[in-house]
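# The following block contains a protein sequence and its predicted model.
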Amino acid sequence: MRIAHFGHSCVLVELHDTKILFDPGTFSHGFEGIEGLDAIAITHQHPDHIDVNRIDALIEKNPQATLLADPQTAQQRGGEWQAVHAGNVLTVGKVQITGGGGRHAVIHPDIPVIDNTVFQLGTPDDPAEFVHPGDSLWVPPVPVGVLGLPSVAPWMRISEAVDYLRAVAPRTAVPIHYGIIADGAQGIYFGRLAEMGPPDTEFKVIEPEDHAEF
C-alpha cells in the first residue's frame, strides 16, 4: 500500500494496483494534477472535504474514475456520482470498498447532522486494509490495517481522538484532518496521540504532498 497525503483529509491510496483519491477539499493542495485515478471518494459534503471549485477539473483529468460519495453529496452532485451507504459493498479495480458509519459527528445540537460515509478498502478476506472515516468516530467491526485518524476538529476533543484510536487499535495510524491548526501546533496533538494510543499501533505522520509505503 502507498499513501500520499495532500493536506487535511485528502489522501491518495494505491492498493492492489488501484488508485483512489479521498476528500480533495479546500484545505488540500497538490492533488489537482493527478491522473490515472480509478476512483474519487467523498466522505461528506463539507467544503474542507470537497472543493466545488476544483472537483470538476479533477474529474475532467480522470474521466475513467468511478465517483463515490455519501448519499447526500451524491444527490447534490448528480450525474455519475454513486451513493455509498453504510453496509454497501462494491468493487473498484482490485479493491473491495465497504461503506460504514453513515452520519457526521455532532458539531453542536443546533446544527443538523449530515451524512458521512466511512470508506473501508481491502479484499473479502481483509476488508479494512485502509479506513477513511471522514468526520466520524465510527469503529469498524473488523481489524484495521491503516487508519486515517481525524486529529483536530471542531466536533472533537483530543480525548475523543485518543479513545477512538484505542477503540480501533489499527496496525498503523496516519493523522489527517488537521489543516485547521497552525503548523507549530501539530506536535501538541500528534504527541498526545502517539503517546496515548495502543502500544502495538504505529503512529506515522505523512507530511502534505509526501507519501509513505506500508
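Yes, it's here. Just so it is clear, the structure is predicted and the values come from calculations on it, not from any experiment.

# how near is residue 10 to residue 49?
8 Å (CB to CB, to the nearest Å). For every residue, glycine as well, the C-beta is placed using N, CA and C.

# residues touching residue 128, list them.
Going by CB atoms under 8 Å, 6 or more residues apart in numbering, residue 128 touches 98, 120-122, 140, 142-145.

# Is there a quick ChimeraX command that grabs whichever of those residues are buried?
Here is the ChimeraX selection string for the buried members of those, based on 16 or more other CB atoms under 10 Å:
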select :98,120,121,122,140,144,145
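
# all strands for this protein, in order.
Secondary structure of the chain (DSSP state E): strands located at 2-5, 11-15, 18-22, 39-42, 66-69, 82-83, 89-92, 95-103, 115-122, 130-132, 146-150, 172-176, 202-203, 210-213.

# got CSV for those, with mean pLDDT too?
CSV is the format used below for the strands of the chain (pLDDT from 0 to 100):
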stretch, mean pLDDT
strand 2-5, 98
strand 11-15, 98
strand 18-22, 98
strand 39-42, 98
strand 66-69, 98
strand 82-83, 98
strand 89-92, 98
strand 95-103, 98
strand 115-122, 98
strand 130-132, 98
strand 146-150, 98
strand 172-176, 98
strand 202-203, 98
strand 210-213, 96
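
# Present those as JSON lines; the columns should include distance to residue 158.
Shown next, in JSON lines, are those (distance: least, CB to CB, whole Å):
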{"stretch": "strand 2-5", "distance to residue 158": "20"}
{"stretch": "strand 11-15", "distance to residue 158": "21"}
{"stretch": "strand 18-22", "distance to residue 158": "23"}
{"stretch": "strand 39-42", "distance to residue 158": "26"}
{"stretch": "strand 66-69", "distance to residue 158": "29"}
{"stretch": "strand 82-83", "distance to residue 158": "32"}
{"stretch": "strand 89-92", "distance to residue 158": "33"}
{"stretch": "strand 95-103", "distance to residue 158": "21"}
{"stretch": "strand 115-122", "distance to residue 158": "20"}
{"stretch": "strand 130-132", "distance to residue 158": "20"}
{"stretch": "strand 146-150", "distance to residue 158": "11"}
{"stretch": "strand 172-176", "distance to residue 158": "12"}
{"stretch": "strand 202-203", "distance to residue 158": "14"}
{"stretch": "strand 210-213", "distance to residue 158": "23"}
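
# Out of those strands, flag the one nearest residue 55.
Closest of the strands of the chain to residue 55 is strand 39-42, at 7.8 Å (criterion: CB to CB).

# Quickly list what residue 41 is bridged to.
Beta bridges link residue 41 to residue 22, residue 68, judged by DSSP bridges.

# Residue 176 versus that one, what's the distance?
With distances taken as CB to CB, residue 41 is found 13 Å from residue 176.

# Between those two, which contacts overlap?
With CB under 8 Å, 6+ apart as the test, residue 41 and residue 176 both reach residue 132.

# Spit out the contact partners of residue 194.
When contacts are taken as CB under 8 Å, 6+ apart, residue 194 is in contact with residue 203.

# Show the model's pLDDT score for it.
Note on residue 194: pLDDT of 97.

# Relative to residue 4, which of the contacts of residue 128 is nearest.
Looking across the contacts of residue 128 and measuring by CB to CB, the closest to residue 4 is residue 121, at 14.6 Å.
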